[in-house]
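>>> Okay, predicted coordinates and the sequence, questions at the end:
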Amino acid sequence: MSLRSLSLLALAAALSTPAWAQTAPKPAASPKPAAATSAAPAQLVAAQSEVAFTSRQMGVPVDGRFRRFEAQVQFDPKKPETARIALKVDLASITMGAPESEAEVVKPEWFNTAKFPQATFTSTAVKALGGNRYEVAGQFALKGITRDIVVPVTLAAAGANTVATGGFTLKRLEHRIGEGEWADTSMVANDVAVKFKLTLSGIAPL
Amino acid sequence: MPESAVSRYSTPAVALHWLLAVLITGTFALGLYMHELPVSPQRLKLYSWHKWAGVVILALSVLRLVVRLRSPRPRELAMSGWQRSAAHATHHALYLLFFAVPLAGWAYSSASGFPVVLFGVLPLPDFVPVDKELAATLKGLHKTLALTLGALVLLHLAAVFKHQLIDRDGLLARMGFGRA
């Protein structure tokens, strides 16, 4: 082969394998499951998730939500009883649309976020009820008090993601939320409706 | 608007006048006191009572307007032209404010994200969206309108005293429960 042909060949070869392009995939923030295997960790899509509540002040519904929370979820639809769910909510990230309320609710009589910055939920058992409905039993810790609760959860597919929605009724006085003069339930009701929507990627098809 | 030979306003008109005088004065005083309080269950309670009273005032004002338009009224007292004009203007303005003040307050509550739940059991509709800037505007509007109402009530009281004690024209009997 002439030198000219070799050069052309070399040039062609060089151009066809762009060395400057990144051919290796970017490393994920945490290990991605190669294929959805059992007990592989799912990722929370925070932008499409929500942890919120509705309380009642003398009959008036007052909504709030938490802007910062994390979820560690391992779930295999074929073996739901092996699922593990851990949720952590940053209580000081609360937003209620009313600056006065937000300033009040972090105080010691309420969440006392200085001493108890997070509310957590850790699952202990998951029961499938059929039709993508589940009962998740676990321990809910808020303001230093832990209670066993059972939360009904419904799963739905949303493209490649899975959306878990559910809720439970929190009795605020059981966790001393609103103490002293605020313990009066005719002012702020004892029942608080907690609801969540967690969008998760990396869960096998339902 | 029928004027007739009666010497005083009708019994429903008189009853509504005095009932609303008490309610409006009380609700105004409550508003003045409560809005400076720090966040507390007491403040929550007073704000709720203030809103419930405002809604009741609004409803009774509708009734009052209907009565005003349909019931026989005593003939106007003799007085000079400017006094008659001032009386009409004040009364018209008062009627407007009876509606505008509670409506502004209701809208302010809605815009702040606190729907009005009458007596803690009957949710009333929000006719404005939740909007911080709108809430700030409506708060100012509610306060200005309420203070205007207060000023006109004081003017109204001054005029009543003038007619009753200086002119001695028996004005108060027209809004009393004596013989019609």
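That came through, no problem. Residues are numbered from 1 along each chain as shown, chains lettered A, B, ... in the order given.

>>> How many neighbouring residues does the residue of chain A found nearest chain B have?
Closest contact between chain A and chain B, by Cβ to the nearest Cβ, is at residue A:59 (3.4 Å). Placement of C-beta: from N, CA and C, glycine included. A total of 17 residues lie near residue A:59 under the criterion other Cβ atoms under 10 Å in any protein chain shown.

>>> Nearest residue to the residue of chain B found nearest chain A in space, please, no chain neighbours.
Nearest residue of chain B to chain A: residue B:120, at 3.4 Å (Cβ to the nearest Cβ). Excluding the flanking residues, the one nearest residue B:120 by Cβ to Cβ, 6 or more residues apart in numbering or on different chains is residue A:59, at 3.4 Å.

>>> Check that neighbour and give its pLDDT.
At residue A:59, the pLDDT value in this model is 96.

>>> check contacts around it.
Residue A:59 makes contact with B:117, B:119, B:120, B:121, B:123 under the criterion Cβ atoms under 8 Å, 6 or more residues apart in numbering or on different chains.

>>> And residue A:100, by the same measure?
Contacts for residue A:100 (Cβ under 8 Å, 6+ apart) come out as residue B:39.

>>> One more: the one 4 residues further on?
By Cβ under 8 Å, 6+ apart, the contact set of residue A:104 is A:110, B:39.

>>> tell me which residues in the helix or strand containing it are buried?
Per DSSP states H and E: residue A:104 is located in helix A:99-105. For helix A:99-105, the neighbour count (16 or more other Cβ atoms under 10 Å in any protein chain shown) marks A:101, A:104, A:105 as buried.

>>> mind saving the C-alpha coords of that helix as PDB?
Extracted as PDB, the C-alpha positions of helix A:99-105 are listed here (Å, rounded to 0.1, in the frame of the first residue of the first chain):
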ATOM      1  CA  PRO A  99     -44.800  32.600  56.900                       C
ATOM      2  CA  GLU A 100     -46.300  33.000  60.400                       C
ATOM      3  CA  SER A 101     -47.400  29.400  60.500                       C
ATOM      4  CA  GLU A 102     -44.000  28.200  59.200                       C
ATOM      5  CA  ALA A 103     -42.200  30.200  61.900                       C
ATOM      6  CA  GLU A 104     -44.500  28.800  64.600                       C
ATOM      7  CA  VAL A 105     -44.400  25.200  63.700                       C
END
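
>>> Tell me the helix or strand right after it.
Taking DSSP H and E, what comes next after helix A:99-105 is strand A:118-130.

>>> Quick check: which helices or strands does that following strand pack against?
strand A:84-90, strand A:133-142, strand A:145-158 (3 or more Cβ pairs under 8 Å, 6 or more residues apart in numbering or on different chains; DSSP states H and E).

>>> Please tabulate those in TSV, including the columns mean pLDDT.
Converted to TSV, the helices and strands packed on strand A:118-130 look like this (pLDDT from 0 to 100):
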stretch	mean pLDDT
strand A:84-90	97
strand A:133-142	97
strand A:145-158	97
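
>>> Redo those as a markdown table? Include distance to residue B:127.
Listed next are the helices and strands packed on strand A:118-130 as a markdown table, based on distance: least, Cβ to Cβ, whole Å:
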| stretch | distance to residue B:127 |
| --- | --- |
| strand A:84-90 | 34 |
| strand A:133-142 | 37 |
| strand A:145-158 | 34 |
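
>>> would TSV of these with mean neighbour count and distance to chain B be doable?
Formatted as TSV, the helices and strands packed on strand A:118-130 follow (neighbours: other Cβ atoms under 10 Å in any protein chain shown; distance: least, Cβ to the nearest Cβ, whole Å):
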stretch	mean neighbour count	distance to chain B
strand A:84-90	18	21
strand A:133-142	18	21
strand A:145-158	14	22
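
>>> Name the residues of stretch B:34-54 that come out as buried.
Residues B:34, B:41, B:43-54 are the ones in stretch B:34-54 that count as buried (16+ other Cβ under 10 Å).

>>> again with stretch B:22-30
B:23, B:24, B:27, B:28, B:30.

>>> Can you give me the pLDDT of residue 176?
Assuming you mean chain A. 98.

>>> my bad, chain B
For residue B:176, pLDDT reads 94.

>>> ok, it - contacts?
So residue B:176 contacts B:8, B:14 (Cβ under 8 Å, 6+ apart).

>>> For the residue most central in space within chain B, grab phi and psi.
Central residue of chain B (Cα atoms, centre = their mean): residue B:98, 3.7 Å from the mean position. Backbone dihedrals for residue B:98, given as degrees, to the nearest 10, come out at phi -50, psi -30.

>>> Could you do residue B:150 as well?
Torsion angles, degrees, to the nearest 10, at residue B:150: phi -60, psi -40.

>>> The most centrally placed residue in chain A: what's it in contact with?
What sits nearest the mean C-alpha location of chain A, by Cα atoms, centre = their mean, is residue A:71, with 4.0 Å. Residues near residue A:71 by Cβ under 8 Å, 6+ apart: A:44, A:49, A:85, A:86, A:87, A:88, A:198, A:200.

>>> Reformat those residues into a markdown table and put distance to residue A:184 next to each item.
Formatted as a markdown table, the contacts of residue A:71 follow (distance: Cβ to Cβ, whole Å):
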| residue | distance to residue A:184 |
| --- | --- |
| A:44 | 37 |
| A:49 | 34 |
| A:85 | 35 |
| A:86 | 34 |
| A:87 | 30 |
| A:88 | 31 |
| A:198 | 34 |
| A:200 | 39 |
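
>>> how about the helices of chain B, start to end?
B:11-34, B:41-70, B:81-111, B:132-161 (DSSP state H).

>>> got the angle between the second one and helix B:132-161?
Okay, so that is helix B:41-70. 60 degrees (axes from the mean of the first three to the mean of the last three Cα atoms, to 10 degrees).

>>> Near chain B, which residues of chain A? Just list them.
When proximity is defined by Cβ under 8 Å from any Cβ of the partner chain, chain A lies next to chain B at A:57-63, A:96-98, A:100-101, A:103-104, A:181-182, A:184, A:187-188.
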